[in-house]
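In: coordinates only, sequence not included:
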């Protein structure tokens, strides 16, 4: 089973310099940086490192992911980012599971028994992150019959076959893409699981999550996929 790593980036020059050298490129068949229109030198740095780069014409996390999927042909696709929140050690784990070929989708959980969240700032930030993620994961499980501990993480792997089956479509809304991928996968009973991981401290850049806006977006994404989406 072949594997492509899609590194989704937007103004992540620091992460490109500090995180990407730690990535074991040998454990995957191809690495593509999909850039959302960086202006801080991220694109130039990625190319300097010898990485293949695609630049989005339209911004959006899910739009970037779709662009990377369309530009590749490997059997399994890893969604990942260089901002420090995700661990390079996750990638060999995904590659190993891809070789086994059992799961349709694998998502790193930040709520495993020994998981650590270092990114949220202060007690308030940690509580918002914890309860927000827990609530939306709970709702996704209830609506779609799953048993995940983390349904929202942007570090995940999906098979190309499974990706085609869920008929992925994203309009550029914040974080709606990962909710859609999880919900639709559950709805059609694909094999989906969590593996334990951590959320590291952001390396440079700006944290892009706005709790109220994201909360409204995720709520609507769950509802519309439950009511309207058909296979």
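Out: Okay, I see it. Everything numeric in this text was worked out from a predicted model, so none of it was measured.

In: which helix or strand contains the most centrally placed residue in the chain?
Out: Closest to where the C-alpha atoms of the chain average out (Cα atoms, centre = their mean) is residue 154, at 2.1 Å. Assigned by DSSP states H and E, residue 154 falls within no helix or strand.

In: and the gap between it and residue 227?
Out: Note on residue 154: its distance to residue 227, by Cβ to Cβ, to the nearest Å, is 25 Å. All C-beta spots, glycine's among them, are computed from the backbone N, C-alpha and C.

In: give me the helix or strand of this structure that scores worst on average pLDDT.
Out: Within the chain, confidence by mean pLDDT, DSSP states H and E is lowest for helix 122-144 among all helices and strands, at a mean of 78.

In: now the next helix or strand after it: mean pLDDT?
Out: Downstream of helix 122-144, the next assigned helix or strand under DSSP H and E is strand 156-159. Mean pLDDT, computed over strand 156-159, is 98.

In: ditto for stretch 72-90
Out: According to the model, stretch 72-90 has a mean pLDDT of 97.

In: just give the nearest non-adjacent residue to residue 106, would you?
Out: Once flanking residues are discounted, residue 106 sits nearest to residue 157: 4.7 Å by Cβ to Cβ, 6 or more residues apart in numbering.

In: who is that neighbour paired with across the strands?
Out: Taking DSSP bridges as the rule, residue 157 bridges to residue 78, residue 106.

In: identify the residues contacting stretch 82-98?
Out: Contact partners of stretch 82-98, identified using Cβ atoms under 8 Å, 6 or more residues apart in numbering, comprise 1, 3, 5, 7, 9, 12, 15-16, 18-20, 22-24, 27-28, 75-76, 78, 80, 103, 106, 108, 119, 154-155, 157, 159, 195, 197-205.

In: give me that answer again for 7 Å
Out: Outside stretch 82-98, the residues that touch it by Cβ atoms under 7 Å, 6 or more residues apart in numbering are 1, 3, 5, 7, 9, 12, 15-16, 19-20, 22-24, 27-28, 76, 78, 80, 103, 106, 108, 119, 155, 157, 195, 197-203, 205.

In: how near is residue 199 to residue 12?
Out: According to Cβ to Cβ, residue 199 and residue 12 sit 16 Å apart.

In: what of residue 220?
Out: Going from residue 220 to residue 12 by Cβ to Cβ gives 28 Å.

In: in strands, which of the contacts of stretch 82-98 appear?
Out: Of those, the ones assigned to strands by DSSP state E are 3, 5, 7, 9, 76, 78, 80, 106, 108, 157, 195.

In: good, wrapping up.
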